[in-house]
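Trainee: Okay, here's the prediction I keep looking at, along with the sequence it came from:
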Amino acid sequence: MNLSSFEARADALLLTFADGTHAAYPTLWLRDNCPSAFHPQTEERVLDLLDLDAAPVLSEAAQAGDALVLRYADGHVSRMPLALLAAHRPGSPAADSAAIAPRLWRADLTPGGVPRYGAAQLLADDGALRAWLEETAATGLSLVDGLADSTEAGVAVARRIGFLRQTNFGETFEVINKPDPNNLAYTAVSLPLHTDLPNQEVPPGYQFLHCLANEAQGGGSLFADGFALAADLRARDPDAFRLLSEVAIPFRFHDGEADIRTHAPVITLARSGAVSEIRWNAHIAATFDMPADVLPAYYNAYRTFMAMTRDAAYRLTFKLQPGEMIVFDNRRVLHGREAFDPASGLRHLHGCYVDRGEFASRLRLLARGTG
């Protein structure tokens with residue numbers, strides 16, 4: 001990034017870039033981010049901010065190639081790369097190759113429109129892996145096909161991204177009809193649209209469900225874009241949206257080995273005000289405990305959102321085939337299942353989770369070519 005002009009003041013460095021944009025860097029920020037403040041190998045900050053004067057004085061600035069040489073009244077000299085200054089303008093978050101804008105969808109997304117990638121290519125080709133991660137982040141879900149008839153086949157694809165998330169259900173889990181279930185997923189009943197484990201302080205990020213068998217009558221998979229639901233609720237009923245994003249409700253899962261609880265809103269907002277997370281699971285929402293004068297309006301908002309999750313205008317439905325794996329952002333995309341008849345055939349999915357942080361980390365590494 002080329003400079004048009006710069007000015008050193010005692011309390012700030014003022015820059016005008018060649019594209020006409022301006023930036024101001026307070027002097028304490030400049031000292032805190034001097035390259036000498038970071039360990040050369042780990043790139044972690046080693047400077048103790050309290051070793052600096054609360055108001056250091058910038059005395060002089062001079063350009064030297066692709067950097068500015070800054071001199072301070074206490075004798076310190078910094079060589080600040082122009083690229084660093086351009087990338088970290090105060091008030092503007094740094095560019096992030098993992099910050100993929102969500103592409104909202106409703107019933108306009110058909111099974112044929114779901115991004116689809118082959119497992120063999122994802123395991124062997126970093127370019128394909130990056131494209132898949134970007135598409136999955138944008139849409140919130142994707143299909144991987146060509147998987148071997150093995151519980152390890154889907155896990156191997158998940159591990160291409162990062163570490164698996166351990167939960168009270170284990171590192172991986174089997175979605176089958178069990179004789180003594182501790183979760184409705186392990187039954188044959190229908191499952192309304194929901195997100196998994198909202199009772200966790202941080203719910204799992206991306207979920208991987210590898211279909212090993214789906215011979216039973218029924219058992220179709222249901223999906224909806226929670227971000228689209230929230231966007232439409234915000235437009236249609238701002239008061240309901242406000243309640244669901246401001247009022248925390250209790251979630252609880254408990255069995256003989258675990259009792260995991262948290263309070264959180266159904267809709268979480270980022271600093272920008274954009275929707276960043278959906279926690280929706282009416283089966284493990286615990287008894288509402290907000291004040292009595294809030295309850296009637298909250299129930300109305302909650303029922304409004306619930307009705308939207310049942311609306312076919314938001315629903316994507318298809319039946320997974322053996323060798324296919326659906327991958328989706330569990331903190332965005334709601335998923336569910338039609339009831340099935342276990343006497344008519346086997347339905348067996350093998351699942352695991354990879355947290356959003358691992359997913360984003362892999363995207364950043366692929367973007368800079370380090371895999």
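Mentor: Nice, thanks for sending it over.
Trainee: and the helix or strand of the chain with the lowest mean pLDDT, how far out from the chain's middle?
Mentor: Scoring the helices and strands of the chain by mean pLDDT, DSSP states H and E places strand 340-341 at the bottom, with a mean of 85. Computed by CA atoms, centre = their mean, to the nearest Å, the chain-centroid distance of strand 340-341 equals 33 Å.
Trainee: Return the list of strands paired to that strand, each annotated with direction.
Mentor: strand 217-218 (antiparallel) (DSSP bridges).
Trainee: The next helix or strand after the strand it pairs with packs against which elements?
Mentor: Proceeding N to C from strand 217-218, the next assigned helix or strand is strand 221-225, under DSSP states H and E. When contacts are defined as 3 or more CB pairs under 8 Å, 6 or more residues apart in numbering; DSSP states H and E, strand 221-225 sits against strand 191-194, strand 316-318, strand 325-329, strand 333-337. Glycine gets a C-beta too; all of them are placed from N, C-alpha and C.
Trainee: Tell me the neighbouring strands of strand 221-225, and mark each as parallel or antiparallel.
Mentor: strand 316-318 (antiparallel), strand 333-337 (antiparallel).
Trainee: Report the contact partners of Arg356.
Mentor: By CB atoms under 8 Å, 6 or more residues apart in numbering, the contact list for Arg356 reads Gly205, Tyr206, Asp329, Arg331.
Trainee: And the helices in this structure?
Mentor: Assigned helices in the chain, in chain order: 27-32, 82-87, 119-124, 126-139, 151-159, 226-236, 238-246, 295-309, 356-367 (criterion: DSSP state H).
Trainee: In the second one, which of the residues would be classed as buried?
Mentor: Neighbour-count burial for helix 82-87, with 16 or more other CB atoms under 10 Å as criterion, is recorded at Leu82, Leu85, Ala86.
Trainee: Just put those residues in a markdown table and tack on pLDDT and distance to Ser221.
Mentor: Below are these laid out as a markdown table (pLDDT from 0 to 100; distance: CB to CB, whole Å):
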| residue | pLDDT | distance to Ser221 |
| --- | --- | --- |
| Leu82 | 96 | 51 |
| Leu85 | 97 | 49 |
| Ala86 | 96 | 46 |
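Trainee: which one of the residues you listed sits closest to Ala99?
Mentor: Ala86 (17.6 Å; CB to CB).
Trainee: The closest one and Phe17 touch, don't they?
Mentor: Yes - the criterion here is CB atoms under 8 Å, and Ala86 meets it with Phe17 at 6.7 Å.
Trainee: Which pLDDT does the model give the closest residue to Ala228 other than its chain neighbours?
Mentor: Distances taken as CB to CB, 6 or more residues apart in numbering place Leu104 nearest to Ala228, at 4.2 Å, with adjacent residues excluded. pLDDT for Leu104: 98.
Trainee: residues touching Leu104, list them.
Mentor: Asp225, Phe227, Ala228, Ala231.
Trainee: at 10 Å instead, please
Mentor: 138-140, 225-232, 275, 332 (CB atoms under 10 Å, 6 or more residues apart in numbering).
Trainee: Separate out the buried members of the residues you listed.
Mentor: Buried among those (16+ other CB under 10 Å): Thr139, Gly140, Asp225, Gly226, Phe227, Ala228, Leu229, Ala230, Ala231, Asp232, Val275, Arg332.
Trainee: Quick check: the two most widely separated of the contacts of Arg356?
Mentor: Once CB to CB is applied, those give Tyr206 and Arg331 as the farthest pair, at 8.8 Å.
Trainee: who has more neighbours, those two?
Mentor: Tyr206 (28 against 25; other CB atoms under 10 Å).
Trainee: ok, now which ones touch the residue lying closest to the more buried one once chain neighbours are set aside?
Mentor: Excluding the flanking residues, the one nearest Tyr206 by CB to CB, 6+ apart is Val354, at 4.9 Å. The contact partners of Val354, by CB under 10 Å, 6+ apart, come to 157-165, 204-208, 327, 330, 362.
Trainee: List only those of the residues you listed flagged as buried.
Mentor: Counted by 16+ other CB under 10 Å, those give 157-158, 160-162, 164-165, 204-208, 327, 330, 362 as buried.
Trainee: now, among those residues, which is nearest to Pro296?
Mentor: Asn330 (30.7 Å).
Trainee: so how far is Trp280 from the closest one?
Mentor: With distances taken as CB to CB, to the nearest Å, Asn330 is found 11 Å from Trp280.
Trainee: which residues do those two both contact?
Mentor: His194, Thr195, Pro198, Gly226.
Trainee: Any chance of those in CSV with distance to Tyr299 and pLDDT as columns?
Mentor: As requested, the shared contacts of Asn330 and Trp280 are exported to CSV (distance: CB to CB, whole Å; pLDDT from 0 to 100):
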residue, distance to Tyr299, pLDDT
His194, 18, 96
Thr195, 20, 98
Pro198, 18, 98
Gly226, 20, 98
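Trainee: Would you point out the most distant pair within these?
Mentor: Pro198 and Gly226 (11.4 Å).
Trainee: which neighbours do these two share?
Mentor: Val266, Glu277, Ile278, Arg279, Trp280, Asn330, Arg331.
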